[in-house]
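Colleague: Give me a model of this one.
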Amino acid sequence: MTIEAISVDPVTQEIIEGKLTAIVDEMGIVMARTSMSPVIYEVLDFACGLLTSEGELVAQMNGITLFTGTFGVQVKALIEKSAGNLCDGDVLLSNDPYAGGTHACDFAIVKPLFVDGEIIAYAINVAHYLDVGGSVPGSLAPNATSVFQEGIRLPGVKIARSDVFSNDILSIICENVRLPEIALGDLNAQVATVRVAARRLTELAAKYGVDVVRAAFANLLTASEKRSRAAIAALPDGRYEASDIIDGDGITDAPIPVQVAVTIDGDSIIADFTGCPPAVPGPINCARGALQSAVRTIVKALVGPQEPSNEGWFRPLTVIAPPGTIFTAEKPSPTGWYYEGSVHASELVWKALAPLVPSRFSAGSYSSLCVVYISGKDRNGQPFIHIEPQHGGWGASEEADGAGALIALTDGDTYNYSVEAIEARFPLRVKSYGYNIQAGTGAGRRRGGFGIVREYEILSKDASAYGSFGRTRTRPWGMDGGGSGTVNALQISSVSDGKVRTYGRIAHIDLNAGDILRVITGGGGGWGDARQREQHLIERDLRNGFITEAQAVKLYGYQTKVAV
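Modeller: Numbering: from 1, shown residues only. Okay, here's the model as predicted:
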C-alpha cells in the first residue's frame with residue numbers, strides 16, 4: 001500500500017503534528033541545558049529539526065533562521081553521499097558550506113532514525129562552535145581569502161557507529177581547535193538531542209504505526225504547500241526588482257552591487273539572482289545552501305509568518321543563481337562571514353516585495369549581525385573567546401514604527417547576552433547598553449527603529465578583537481518617501497592615547513586593559529512622508545528623549561504649542 005492510500009483521521013493528524021513540534025522543542029531544551037558554549041546556551045545559536053526519510057523538513061524549533069532553511073539541503077547531501085550505507089546508531093557530522101551548509105563553524109549533527117530496520121526520518125541539530133581552528137581564534141578571519149584559513153572541515157563523516165563515538169574523529173577535532181573541551185561538550189550536547197529525537201519518534205511509531213506516521217508527514221507537507229500556493233496566488237502577477245550595495249568584503253572597501261528579480265506567476269514564485277557579481281576574495285560569500293535558506297526566510301514571512309515551518313511551504317519557490325557568484329560560492333572561496341552576504345540576499349527579496357505587501361514587510365534594517373570577536377587570556381591565564389551578534393534597528397512598516405534593538409533578519413529567535421553573563425564569564429565589563437539615539441533613525445510618517453550602543457571595557461592585559469560590520473556606508477533604505485536609516489560602526493577608545501578609532505570590517509585590533517570597545521548599530525529606514533507624522537507620535541518621541549525639539553521641527557515640521 002502506498003503512503004497516498006493511507007488515510008489519517010484529522011484528530012490523529014493533529015496529534016502527530018503536535019508531537020513533532022514537541023520533539024524538536026525538547027531537542028532545543030536539551031541543547032540549551034547541556035552545551036558548554038555561552039553563544040549556544042545564552043544566545044541560542046543553534047537549531048533543531050526533523051525530516052522525512054527523503055530529507056524533507058517536517059518540524060523545526062524556533063532557532064537560527066539561516067540554519068533551519070539549510071536542513072533539507074544538508075540532509076539530502078548526506079543521503080546522497082551515504083548511498084544507503086547507514087545503520088541504526090550511526091550519527092553523521094558535517095560542516096561543509098559547499099554541501100548545503102553555511103560555514104565551517106556550524107556543525108550539523110544528523111542521525112537517521114530507524115524503526116524496524118528502516119529509516120523513517122532524520123534528526124538534525126546545527127550549532128555554532130566557538131572555534132574550529134583556522135588562522136585566528138574563533139576561526140572567522142575577516143580577511144580570509146580561502147576556506148583553508150577558516151578551520152577544519154568534516155564533510156559527512158560518521159562521528160558515531162552503533163551509537164559509539166569514533167575516537168579517531170574526536171582526536172582530529174581536539175587537535176585542530178583552540179578550545180577542545182568546550183567543542184567536545186557542545187558535540188556531546190548535539191548528539192544527545194538527536195538521540196532524544198530517536199527515542200520520541202520510536203514511541204510515536206509504536207503508538208500509531210510507521211505507515212500512519214509517514215502518511216501524516218505527507219499530509220502535513222501537502223497541506224502547507226496548498227496554503228503557500230494560495231497565499232502566492234492572491235498576489236498580483238509580475239516581476240519585482242531590487243538592488244543594493246554590500247559595503248566591502250574584508251579585503252577591500254569597494255562597494256559590491258547586488259540585485260534580484262522576483263517573479264510571481266500564478267501560485268509560484270521565482271527569485272532570480274542572475275547578474276550578481278562573482279564570488280569576492282573576502283569571506284562574506286555564501287554558498288548555495290545559505291542562499292536558498294535566506295530566500296526561504298522571506299517567502300515564509302510572505303505566505304505564513306506565524307505558522308510552523310516545513311518543506312511544504314517552499315515547494316512553490318524556485319531560486320535561480322549561476323554558480324560561483326557571491327551568493328553561490330564554490331570551493332575554495334571563503335565563507336566564514338557568510339551571514340553578512342546572505343542577509344543581503346534576504347533583504348533584496350524583502351525590498352522587492354515590500355511595496356507589494358506593505359502590511360507584511362518593512363523598510364530597510366541595520367542588516368549586519370555586527371559580530372565582534374574578543375579573545376585573549378583571562379585572569380587565570382586561560383584562553384577565552386567571546387562572540388556576540390548585536391541587535392539593531394529595523395525599518396518602519398506602513399502602519400507602525402520600526403522595531404528597536406531587534407536581532408538581524410538572518411538570526412531568528414536568538415537572544416543577546418545578559419550583562420551578568422558576560423562579566424561572569426569573560427574579562428570584560430559592560431559600561432553601557434542602550435538605544436543609539438544620537439545617530440537616530442530614518443524619519444517618516446512611521447520612523448525606523450533604533451539601533452544600540454554597547455560598550456565593553458577590556459579587563460585583560462592580553463586581548464585582541466576583530467569584526468566584520470556591514471552597512472557602514474550604505475544606509476538602510478526608506479519606503480514611500482521615508483528617510484534612510486543610519487549606519488553601523490565598531491569603535492575603539494584607546495586608554496593609551498585617548499583617540500577614538502572607527503572600523504567596519506577589520507582583521508585585527510590589539511587591545512589594552514582599560515580600552516573601550518564600542519559597538520554601534522544603525523537605525524532602520526522610515527516609511528512615508530515625515531511631514532505626515534501625527535503630532536501625538538512626535539510628542540511621544542520627545543517625552544521619551546528619542547528626538548530633540550529642534551529635530552522634531554526640522555524632520556517633521558513640528559509646531560510647538562504656545563502657552564496662552
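Colleague: Wait, residue 213 touches residue 120, no?
Modeller: Yes: assessed by Cβ atoms under 8 Å, residue 213 is found in contact with residue 120 at 6.6 Å. To be clear about C-beta, it is placed using only N, CA and C from the backbone, and glycine gets the same treatment.
Colleague: shared neighbours, the two?
Modeller: 201, 205 (Cβ atoms under 8 Å, 6 or more residues apart in numbering).
Colleague: who's more crowded, the two?
Modeller: Neighbour comparison, residue 213 and residue 120: the larger count goes to residue 213, with 24 against 20 (by other Cβ atoms under 10 Å).
Colleague: and the more buried one, what does it touch?
Modeller: 16, 120, 201, 204-205.
Colleague: And those, which is closest to residue 338?
Modeller: Nearest to residue 338 among the contacts of residue 213, counting by Cβ to Cβ, is residue 201 at 31.0 Å.
Colleague: For the closest residue in space to residue 212 that isn't next to it in sequence, which three-state class applies?
Modeller: In space, and not counting its chain neighbours, residue 212 is closest to residue 8: 5.8 Å by Cβ to Cβ, 6 or more residues apart in numbering. Following DSSP: H, G, I helix; E, B strand; the rest coil, residue 8 is assigned to coil.
Colleague: and the gap between residue 8 and residue 213?
Modeller: Distance, residue 8 to residue 213, using Cβ to Cβ, to the nearest Å: 9 Å.
Colleague: Kindly point out which residues are neighbours of both of those two.
Modeller: residue 16.
Colleague: Any regions of the chain where pLDDT drops low?
Modeller: 1-5, 561-564 (pLDDT under 70).
Colleague: What's the biggest helix in it, counting residues?
Modeller: helix 180-208 (DSSP state H).
Colleague: Return the set of buried residues in that helix.
Modeller: 182-187, 189-198, 200-201, 204-205, 208 (16 or more other Cβ atoms under 10 Å).
Colleague: Check stretch 247-262 too.
Modeller: Buried, per 16+ other Cβ under 10 Å, within stretch 247-262: 247-251, 256, 258-262.
Colleague: Cross these against strands and list the overlap.
Modeller: Judged by DSSP state E, these include 247, 256, 258-262 as members of strands.
Colleague: could you redo those residues as JSON lines and give each row distance to residue 324?
Modeller: As requested, these are exported to JSON lines (distance: Cβ to Cβ, whole Å):
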{"residue": "247", "distance to residue 324": "22"}
{"residue": "256", "distance to residue 324": "15"}
{"residue": "258", "distance to residue 324": "15"}
{"residue": "259", "distance to residue 324": "16"}
{"residue": "260", "distance to residue 324": "17"}
{"residue": "261", "distance to residue 324": "19"}
{"residue": "262", "distance to residue 324": "22"}
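Colleague: quick one: the helices in the stretch 101-250 of the chain?
Modeller: Taking DSSP state H, counting those that start in this stretch as the test, the helices found in the stretch 101-250 of the chain are 167-176, 180-208, 210-233.
Colleague: With distance to residue 317 as added columns, please give the ones you listed in JSON lines.
Modeller: As requested, the helices of the stretch 101-250 of the chain are exported to JSON lines (distance: least, Cβ to Cβ, whole Å):
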{"stretch": "helix 167-176", "distance to residue 317": "36"}
{"stretch": "helix 180-208", "distance to residue 317": "27"}
{"stretch": "helix 210-233", "distance to residue 317": "8"}
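Colleague: Which one, of the ones you listed, ends up nearest to residue 312?
Modeller: helix 210-233 (3.1 Å).
Colleague: For the closest one, what is the distance to the chain centroid?
Modeller: Centroid separation between helix 210-233 and its chain, computed with Cα atoms, centre = their mean, to the nearest Å, is 26 Å.
Colleague: Using PDB, write out the CA atom coordinates for it.
Modeller: Backbone C-alpha positions of helix 210-233 (Å, rounded to 0.1, in the frame of the first residue of the first chain) are rendered in PDB as follows:
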ATOM      1  CA  VAL A 210       5.100   3.500  10.800                       C
ATOM      2  CA  ASP A 211       2.800   3.800   7.800                       C
ATOM      3  CA  VAL A 212       0.500   6.200   9.600                       C
ATOM      4  CA  VAL A 213       3.400   8.400  10.700                       C
ATOM      5  CA  ARG A 214       4.700   8.500   7.200                       C
ATOM      6  CA  ALA A 215       1.300   9.400   5.800                       C
ATOM      7  CA  ALA A 216       1.000  12.100   8.400                       C
ATOM      8  CA  PHE A 217       4.300  13.500   7.200                       C
ATOM      9  CA  ALA A 218       3.000  13.600   3.600                       C
ATOM     10  CA  ASN A 219      -0.300  15.200   4.700                       C
ATOM     11  CA  LEU A 220       1.500  17.900   6.600                       C
ATOM     12  CA  LEU A 221       3.700  18.800   3.600                       C
ATOM     13  CA  THR A 222       0.800  18.800   1.200                       C
ATOM     14  CA  ALA A 223      -1.400  21.000   3.400                       C
ATOM     15  CA  SER A 224       1.400  23.500   3.800                       C
ATOM     16  CA  GLU A 225       2.100  23.600   0.100                       C
ATOM     17  CA  LYS A 226      -1.600  24.300  -0.600                       C
ATOM     18  CA  ARG A 227      -1.700  27.200   1.800                       C
ATOM     19  CA  SER A 228       1.600  28.600   0.400                       C
ATOM     20  CA  ARG A 229       0.300  28.400  -3.100                       C
ATOM     21  CA  ALA A 230      -3.000  30.000  -2.200                       C
ATOM     22  CA  ALA A 231      -1.100  32.900  -0.500                       C
ATOM     23  CA  ILE A 232       1.100  33.500  -3.500                       C
ATOM     24  CA  ALA A 233      -1.900  33.200  -6.000                       C
END
